[in-house]
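Colleague: Turn this into a structure:
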Amino acid sequence: MFDYVIVGGGSAGCVLAGRLSEDPRVRVCLLEAGPPDDSVLIRMPAGLALLAKTQQANWGLQTVPQPGLGGRRGYQPRGKVLGGSSSINAMIYIRGHPADYDDWAAQGNPGWAWSDVLPCFRRAENNERGGDDFHGVGGPLNVMDLRSPNPFGPRFIEAASQCGHAINRDFNGPDPEGVGPYQVTHRNGERFSAARAYLEPARSRPNLSVVTGAQVTRVMVEAGRACGVEYRLGGETRQALAAAEVLLSAGAFGSPQLLMLSGIGPGEHLRSLGLPVLVDQPGVGAQLHDHIDVVQVFDAPGAHDLFALSLPGAVRALRGLMQWRRERRGMLTTNFAEAGGFIRSDPAEPIPDLQLHFVIGKLVDHGRKTVFGPGFSCHVCLLRPRSRGSVRLASPDPAAAPLIDPAFLTDPDDLRRLVRGFRLMREIMHAPALAPWRGRELGGSAEATSDAQIEAFIRDHADTIYHPVGSCRMGPGEQDVVDARLRVRGLSGLRVVDASVMPAIVGGNTNAPTIMIAERAVDFIRAARAG
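Modeller: Numbers count the residues shown, from 1 in each chain. As a prediction, this is how the structure comes out:
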């Protein structure tokens, strides 16, 4: 028996476990399906190149065939390890635009405006640049500039400046618009995941139990109240009981899947699979959306500072490994996407609706294909897509992967904006600052010049940039899954705390906002406990 049972040891779950166990009177259990985060590939920032495309520490999920992408299945890597996706992601620290949070509040979610969430961002953060009205120091999550930045990041920034884009050295200040270097969640040249930040300092607390390899199969409900969870560990079925609350932090796919497996979801769908319906909640698994993204890739012959699959590149990587082991510096401290920014697809847009990620390597098929030789790439992603999809059960078997349908590009506005973004990205990539190293353009994008050709290229090559949200949406309506305090409608003792509750995706990377959501939830949980 515990006070709180947390399902999922990802970004949000680690925050909840670390914060709630600060009170020695509170008993906390954290259940994670994956292993501990002790792999060197997790600690070494450049290890993400392998983690994102292998099954190590990764659920390696796929979407259902996407009509908007020519029937292709999209790839959905999600962390299956302590730290969750913060242990396998590109470590970029971005909060989104202040207007995103004001919009959450305007949709009927009091307590989620920018003025409400900024203190949570600051409380979570230890920014090595120092503290001010926008940045925190002394928080668990270390944020810093890259120790050994690659020289091609500044060249990309110069190229963007040549195309008329403002240079912005702080995307997390009052206005994220512009192009510049990204700050990262590193410390001393290592990845600094949510597990390192929140869980590692708490592991010795006697009131915190962390169980890895624990696959939760259902939420247990008695008399309209969540009273615990059932999980599988080492071939055995066990239970963890919660005297106060069950907190679902299994992510945008796992949380709605677990709710439906527990009889909480669209009644017709659950009955079709032979599952009992405890709460007929059509919003569970609805409103899934994600940042759709397309990449341009270039050869860069003679650019020895870039990552390359080649004999000289292997020699450089070996030297880099030795340097990283000795000093925690050098090329293997890279997060690959070292620079980027936020731009408008049209000057009439009120705030940036596109994000750029410049990558110091050839990212063909979003990194899933091996390409030899040096090169560089650039992503452009649509920040606020209108397309909405769903998460559904494929089977009543908890071990079966869910049916993931982001419904990419089903809203025509998404494709129109992405075409404009592709043209803006191409302009930057052909600017004079990159010309001395730029070789041929790969992957068929060079031939895409008309709008129709660019649309076809996007449908053939676009995919997620790994930011699924919204499938347990927060809001005041009956179709919304949780209220503004993240409590699941129709039951007591149950909250969802992760990216699935976002009413609308933020204009940027989603890891820092997910950590903020968990910090905000801690306030709500403590207030409820205090009565």
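
Colleague: Counting neighbours, what do you get for Ala435?
Modeller: By other C-beta atoms under 10 Å, 11 other residues sit near Ala435. Using the backbone N, CA and C atoms, a C-beta is placed for each residue, glycine as well.

Colleague: which ones are touching Leu332?
Modeller: 44-46, 317, 320-321, 323-324 (C-beta atoms under 8 Å, 6 or more residues apart in numbering).

Colleague: swap that for Arg232, please
Modeller: Applying C-beta under 8 Å, 6+ apart, the residues near Arg232 are 214-215, 217, 238, 398.

Colleague: mind putting those in TSV, distance to Gly131 included?
Modeller: Below are the contacts of Arg232 laid out as TSV (distance: C-beta to C-beta, whole Å):
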residue	distance to Gly131
Ala214	38
Gln215	41
Thr217	44
Arg238	44
Pro398	44
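
Colleague: so what's Leu494 closest to, chain neighbours aside?
Modeller: Spatial nearest neighbour of Leu494, chain neighbours left out: Ala226 (3.8 Å); criterion: C-beta to C-beta, 6 or more residues apart in numbering.

Colleague: my guess is that neighbour meets Gly493, correct?
Modeller: Yes. Using C-beta atoms under 8 Å, Ala226 is in contact with Gly493, at 4.2 Å.

Colleague: The two: which is more packed in?
Modeller: Neighbours per residue (other C-beta under 10 Å) separate Ala226 from Gly493, with Ala226 holding more: 23 against 20.

Colleague: can you dump the C-alpha coordinates of the strand or helix carrying that one into CSV?
Modeller: Using DSSP states H and E, Ala226 sits within strand 225-233. What follows is strand 225-233 as a C-alpha-only set of coordinates in CSV (Å, rounded to 0.1, in the frame of the first residue of the first chain):
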residue,chain,number,x,y,z
ARG,A,225,-12.5,5.4,-7.2
ALA,A,226,-9.1,4.3,-8.5
CYS,A,227,-7.6,2.3,-5.8
GLY,A,228,-4.4,1.0,-7.4
VAL,A,229,-3.0,-0.8,-10.5
GLU,A,230,-2.2,-4.3,-11.6
TYR,A,231,1.1,-5.0,-13.3
ARG,A,232,3.3,-7.8,-14.6
LEU,A,233,6.8,-8.3,-13.3
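
Colleague: And the helices in this structure, which stretches?
Modeller: With DSSP state H as the criterion, the chain has helices at 11-20, 40-43, 48-51, 98-106, 114-124, 152-162, 194, 251-261, 267-272, 311-327, 412-429, 451-461, 511-530.

Colleague: which helices and strands sit right next to the shortest one?
Modeller: Translated: helix 194. helix 11-20 (3 or more C-beta pairs under 8 Å, 6 or more residues apart in numbering; DSSP states H and E).

Colleague: Which other helices and strands does the helix it packs on contact?
Modeller: strand 2-7, strand 28-32, helix 194, helix 511-530.

Colleague: Deepest-packed of these, please.
Modeller: Counting by mean count of other C-beta atoms under 10 Å, helix 194 has the highest mean neighbour count of these, with a mean of 33.

Colleague: Could you measure from Glu441 over to Val297?
Modeller: 7 Å (C-beta to C-beta, to the nearest Å).

Colleague: and what of Asn142?
Modeller: Taking C-beta to C-beta, one finds Asn142 at 32 Å from Val297.

Colleague: So which of these two has more stuff around it?
Modeller: More neighbours surround Val297 than the other of Asn142 and Val297, with 22 against 19 (other C-beta under 10 Å).

Colleague: didn't Ala46 look like it was pressed against Thr333?
Modeller: Yes. The pair Ala46 / Thr333 is scored as a contact, 7.2 Å apart, by C-beta under 8 Å.

Colleague: Pick out whichever of those two has more residues nearby.
Modeller: Per other C-beta under 10 Å, whichever of Ala46 and Thr333 has more neighbours is Thr333, with 25 against 21.

Colleague: and Ile92, how many neighbours?
Modeller: What Ile92 shows, counting by other C-beta under 10 Å, is a neighbour count of 20.

Colleague: what's it in contact with, if anything?
Modeller: Taking C-beta under 8 Å, 6+ apart, one finds 182-185, 335, 337, 340, 357, 509, 511 in contact with Ile92.

Colleague: Name the nearest of those relative to Asn58.
Modeller: In terms of C-beta to C-beta, no member of the contacts of Ile92 lies closer to Asn58 than Asn511, at 15.4 Å.

Colleague: you'd agree that closest one is up against Ser11?
Modeller: Yes. Contact status for Asn511 versus Ser11: in contact at 5.8 Å, counting by C-beta under 8 Å.

Colleague: overlap in contacts of the two?
Modeller: Joint contacts of Asn511 and Ser11 (C-beta under 8 Å, 6+ apart) are 85-86, 194.

Colleague: who touches both of Ala226 and Gly493?
Modeller: Joint contacts of Ala226 and Gly493 (C-beta under 8 Å, 6+ apart) are 242, 245-246.

Colleague: Would you quantify the distance from the residue in the chain sticking out farthest from the centre to Leu491?
Modeller: Largest separation from the mean C-alpha position in the chain: Ala223, at 35.3 Å (C-alpha atoms, centre = their mean). Using C-beta to C-beta, Ala223 is found at 10 Å from Leu491.

Colleague: in this structure, which ranges drop under the pLDDT threshold?
Modeller: 366-370, 372 (pLDDT under 70).

Colleague: and the longest strand for it?
Modeller: strand 236-248 (DSSP state E).

Colleague: who's in contact with it?
Modeller: For strand 236-248, the surrounding residues in contact (C-beta under 8 Å, 6+ apart) are 1-8, 13, 16, 27, 29, 31, 211, 214, 217, 219-220, 226-232, 254-255, 258-259, 472, 493-498, 521, 525, 528-529.

Colleague: try 7 Å
Modeller: Residues outside strand 236-248 that contact it (C-beta atoms under 7 Å, 6 or more residues apart in numbering): 1-8, 16, 29, 31, 219-220, 226-231, 255, 258, 493-497, 525, 529.

Colleague: Check stretch 128-148 too.
Modeller: Here stretch 128-148 has contacts from 18, 93, 122-127, 172-174, 181, 183-187, 189, 192, 197-198, 329-331, 333, 338, 515, using C-beta under 7 Å, 6+ apart.

Colleague: Try it again at 8 Å.
Modeller: So stretch 128-148 is contacted by 18, 93, 118, 121-127, 170, 172-174, 181, 183-187, 189, 192, 194, 197-198, 201, 328-331, 333-335, 338, 515 (C-beta under 8 Å, 6+ apart).

Colleague: and it, how far from the chain's centre?
Modeller: Centroid separation for stretch 128-148 versus its chain: 20 Å, with C-alpha atoms, centre = their mean, to the nearest Å.

Colleague: Quick one: closest of the helices and strands packed on helix 11-20 to Leu424.
Modeller: Judging the helices and strands packed on helix 11-20 by C-beta to C-beta, what sits closest to Leu424 is helix 511-530, at 24.8 Å.

Colleague: packing partners for the closest one?
Modeller: In terms of contacts (3+ C-beta pairs under 8 Å, 6+ apart), helix 511-530 is packed against helix 11-20, helix 114-124, strand 236-248, strand 494-496.

Colleague: between that helix and helix 98-106, how big is the angle?
Modeller: Angle, helix 511-530 to helix 98-106, by axes from the mean of the first three to the mean of the last three C-alpha atoms, to 10 degrees: 40 degrees.

Colleague: Neighbours of the closest residue to Val294 other than its chain neighbours, how many?
Modeller: Spatial nearest neighbour of Val294, chain neighbours left out: Ala462 (4.3 Å); criterion: C-beta to C-beta, 6+ apart. Residues near Ala462, counting by other C-beta under 10 Å, number 28.
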